[in-house]
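Trainee: sequence unknown, structure follows:
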């Protein structure tokens, strides 16, 4: 056969093969690298989240730092100022903090995040952060407490003098949101906070410290996030959680990706995981009310539809933020 | 010495980078706030804030009370164990030093669990106070009491060492001349031990004003803020301007420490030098009829200070959840399992703390030994003292200021890494290693080296055969002291840690802060076991070294 026809025969065989290889989709790369999570979840819960994510994506080395939201964010800001932000993903208490970070262009936008069954009310419409649960702030009561509790006003009762504690808004994001909600509630407002302060309200630490204080008997009543007392009561702690008549404040524990992330693929996988059915079932197993209404809530919670949530105007809260925090700190002698 | 030229230069560079640089940067920040976001009149704002002055007042109150308590306890124990021939004094001395080796946050945690209505121990015994009783330790008295107990060994150790070093010859001569015990004490022992006593009391005061763990765990719930906690809060709460504010308040605290250090320096200057013969210490006095009461008192003190909080800590670690009554059926090892095998952060913290402690000890003792061969200028020695004199919070703030930005050549910032914590440890514990070694070197009779030099021995031979054997006990003690202090510290790492660089102190504080007191207690117990194992190993090693190496094995 002449050389040209041999070459042509080869080309007929080789070119389609090459085309087939080029057209075939590249095999999916398993996720790898380091992912740094800054979270306000309690140690054990953060470990549980990390373990579940690692089981799903074993190639990713997930490191996490935890602290109360309002203690964690300044650390983050110090790292921004140093030009050396270490965090890739944030999983913190409330969306107001996320709004602030979003306004400072610190978050990565992912409009096409797989939202699963999570309702739109939990999510940022612009695609910068995604709420993962529903966590409400109500009242925890020690079983040996002198009076029953039905309403927020019962905490200002003279028989509860010196027996009430709450987390510090300087530490806990949930507590700060709760203060905003009380201030904006016409039935409660600053007058209520002043009555509490006069009644010996103790303000310190985070929700975990409040749980410890009330369960241990140091204080009889505390303002606290819902899952802690419900979970501890199941373990035998002598406490009960009460949804007061006026309603509770709520946060969604949103997750977000920082714009300077060094592992965008893993960060997106983390977000997708938390919003997926698997992630929502994890939340329920850990004792949280999942954002996905299709996942069964953990035992001890009432039907989520019956929970009354106090309205909160986020714009007003952000505008008044500094003034409210300063006034509250002065009121409680911090 | 011509040979010492390059060594001296090397040491000066070391001191400049490790100690002087952060301190000067801190001072600079106080004079000219240069961080973005800091208003120019920051100093006026900070020093006109009544909360700062209130914190200063509170710091002085608890430090003064705590130091007085430390002095009383330390003197009593040193006299009892150093002068008198009590049975079991080795064991007593060992137990007496233990409170110093228990990290302040763990001590506070165990005492919190020993008293108050939430105490698992008291609940198990049915002795818990009623619901809503305020915790007795959440008060200035509680803080002062714990500070006193924590720092008593700081007075006890140097004092007992000084008492042991009272030359046998002098005492014998006095007794032969007919002097009674009180006269011996008054005319020979007292003038010899007063300088070290005054110095150690000053150091105990400085330790008290710089303590973070105890006032944080006990003072924050009571709203009783001292300067160290205020600095931490300012730093944590406000970002860059918080850093400047923290720097200014640190300088205020530094001034306080400087005053105490000046007093200590004056006391040491009056000290007398003695020839170290390496022979056995002076003979001990017979307690006579006072033996049983002394033993009873010592035992009661140790039982209260060690056994009670330890029992409380164990109870807290075994209770499944707060408020549950501890009994044979409810006791669980769940918390131990969690902190040792499940919680990644605690496992990492153990590893980090051990690595940091070992590195710091080895590096600093090497530097200390090198420093005995040269004469460092006074300014260099002050720079070495400064990071130890200042509270750890100040050193941490200083290190953040220097190392926040990426390094010039490498382009990476050390902030948040274990390296920064190591640098902070080196700066802070340098004086801890230098003091015993330099003190031992100062007590060496130059005549020994002179004689060897005249006989023709070179500097290396002199170092190996004369200086090192005599300095080895002090060097070993210094290494162990640095390692144990580094293992237990919290003040530096609480400001410098980030993901992956947590230490044991940070973990215990964080777990307690987050309400996981059972896990905090479990971590505390494991780290205490670690410390005891290290001390045990050190004691085994001490058999190869001359007596008096380890303070607790006199």
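Mentor: Arrived safely. Values in this document were obtained by computation on a predicted structure and should not be read as measured data.

Trainee: near chain A, which residues of the stretch 301-450 of chain B show up?
Mentor: With CB under 8 Å from any CB of the partner chain as the criterion, the stretch 301-450 of chain B comes near chain A at residues B:320-324, B:330, B:338, B:342-345, B:400, B:404-406, B:413, B:415-416. Just so you know, the C-beta spots here come from the backbone N, C-alpha and C atoms, and that holds for glycine as well.

Trainee: And the host helix or strand of residue B:355, what does it pack against?
Mentor: In this structure, residue B:355 sits in helix B:344-371 according to DSSP states H and E. Packing partners of helix B:344-371 (3 or more CB pairs under 8 Å, 6 or more residues apart in numbering or on different chains; DSSP states H and E): helix A:43-56, helix B:4-15, helix B:418-442, helix B:468-488, helix B:504-513, helix B:517-542.

Trainee: Can you pick out the ones from the residues of the stretch 301-450 of chain B next to chain A that are in helices?
Mentor: B:344-345, B:400 (DSSP state H).

Trainee: Which one of the residues you listed is nearest to residue B:68?
Mentor: residue B:400 (34.2 Å; CB to CB).

Trainee: my read: that closest one touches residue B:497, true?
Mentor: No: applying CB atoms under 8 Å as the test, residue B:400 and residue B:497 come out as separate, 11.6 Å apart.

Trainee: If you tally nearby residues, what's the number for the closest residue to residue A:60 other than its chain neighbours?
Mentor: Leaving aside its chain neighbours, residue A:60 sits nearest to residue A:266 (4.7 Å; criterion: CB to CB, 6 or more residues apart in numbering or on different chains). Residue A:266: 24 surrounding residues under other CB atoms under 10 Å in any protein chain shown.

Trainee: Would you map the helices across chain A?
Mentor: Remark: helices assigned in chain A by DSSP H are A:3-23, A:43-56, A:69-82, A:95-103, A:173-184, A:189-198, A:207-216, A:227-234, A:264-275, A:277-286, A:314-331.

Trainee: What is the burial count for residue B:307?
Mentor: 12.

Trainee: and what of the one 5 residues further on?
Mentor: Neighbouring residues of residue B:312 were enumerated by other CB under 10 Å; the total is 22.

Trainee: One more: residue A:78?
Mentor: With other CB under 10 Å as criterion, residue A:78 counts 23.

Trainee: Also residue A:239?
Mentor: 24.

Trainee: do the same with the one 5 residues further on
Mentor: Counted with other CB under 10 Å, residues neighbouring residue A:244 total 19.

Trainee: if I read this right, it contacts residue A:139, doesn't it?
Mentor: Yes: applying CB under 8 Å as the test, residue A:244 and residue A:139 come out as touching, 5.9 Å apart.

Trainee: Overlap of the contact sets of the two?
Mentor: A:149, A:152 (CB atoms under 8 Å, 6 or more residues apart in numbering or on different chains).

Trainee: How about the residues of the stretch 201-334 of chain A by chain B?
Mentor: A:202, A:204-213, A:215-220, A:228, A:232, A:235-239, A:333-334.

Trainee: Just the buried subset of these, please.
Mentor: A:202, A:204-213, A:215-220, A:228, A:232, A:237-239, A:334 (16 or more other CB atoms under 10 Å in any protein chain shown).

Trainee: can you list the ones in helices among the residues of the stretch 301-450 of chain B next to chain A in TSV and add pLDDT and neighbour count?
Mentor: Formatted as TSV, those follow (pLDDT from 0 to 100; neighbours: other CB atoms under 10 Å in any protein chain shown):
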residue	pLDDT	neighbour count
B:344	81	17
B:345	83	24
B:400	85	25
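
Trainee: And the residues you listed, which is closest to residue B:530?
Mentor: Checking those one by one against residue B:530 (CB to CB), the nearest turns out to be residue B:345, at 16.9 Å.

Trainee: residues in contact with residue 62?
Mentor: Picking chain A for this. A:34-35, A:37, A:50, A:53-54, A:270.

Trainee: Oops, wrong one, chain B.
Mentor: B:140, B:143-144, B:147, B:208, B:215, B:226.

Trainee: Check residue A:212 too.
Mentor: Per CB under 8 Å, 6+ apart, neighbours of residue A:212: B:118, B:322, B:515, B:517.

Trainee: do residue A:271 as well
Mentor: Per CB under 8 Å, 6+ apart, neighbours of residue A:271: A:89, A:110, A:113, A:130, A:255-257.

Trainee: pLDDT wise, what is it at?
Mentor: With respect to pLDDT, residue A:271 scores 94.

Trainee: same deal with residue A:18?
Mentor: You'll see residue A:18 listed with a pLDDT of 55.

Trainee: same question, residue B:109
Mentor: At residue B:109, pLDDT is 87.

Trainee: helices and strands around the helix or strand where it lies, which ones?
Mentor: Using DSSP H and E, the element containing residue B:109 is helix B:104-114. In terms of contacts (3+ CB pairs under 8 Å, 6+ apart), helix B:104-114 is packed against helix B:120-125, helix B:140-164, helix B:213-222, helix B:308-318, helix B:504-513, helix B:517-542.

Trainee: quick one: that helix to chain centroid distance?
Mentor: 17 Å (CA atoms, centre = their mean, to the nearest Å).

Trainee: and what of stretch A:112-132?
Mentor: With CA atoms, centre = their mean, you get 13 Å for stretch A:112-132.

Trainee: and the angle from the helix holding residue B:109 to helix B:213-222?
Mentor: 50 degrees (axes from the mean of the first three to the mean of the last three CA atoms, to 10 degrees).

Trainee: Mean pLDDT for the helices and strands packed on helix B:344-371 - can I get that in JSON lines?
Mentor: Below are these laid out as JSON lines (pLDDT from 0 to 100):
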{"stretch": "helix A:43-56", "mean pLDDT": "90"}
{"stretch": "helix B:4-15", "mean pLDDT": "85"}
{"stretch": "helix B:418-442", "mean pLDDT": "88"}
{"stretch": "helix B:468-488", "mean pLDDT": "83"}
{"stretch": "helix B:504-513", "mean pLDDT": "87"}
{"stretch": "helix B:517-542", "mean pLDDT": "83"}
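
Trainee: Put together TSV for those helices, with mean neighbour count and distance to residue A:179 on each row.
Mentor: Putting the helices and strands packed on helix B:344-371 into TSV (neighbours: other CB atoms under 10 Å in any protein chain shown; distance: least, CB to CB, whole Å) gives the following:
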stretch	mean neighbour count	distance to residue A:179
helix A:43-56	19	23
helix B:4-15	15	49
helix B:418-442	23	35
helix B:468-488	22	37
helix B:504-513	27	20
helix B:517-542	20	26
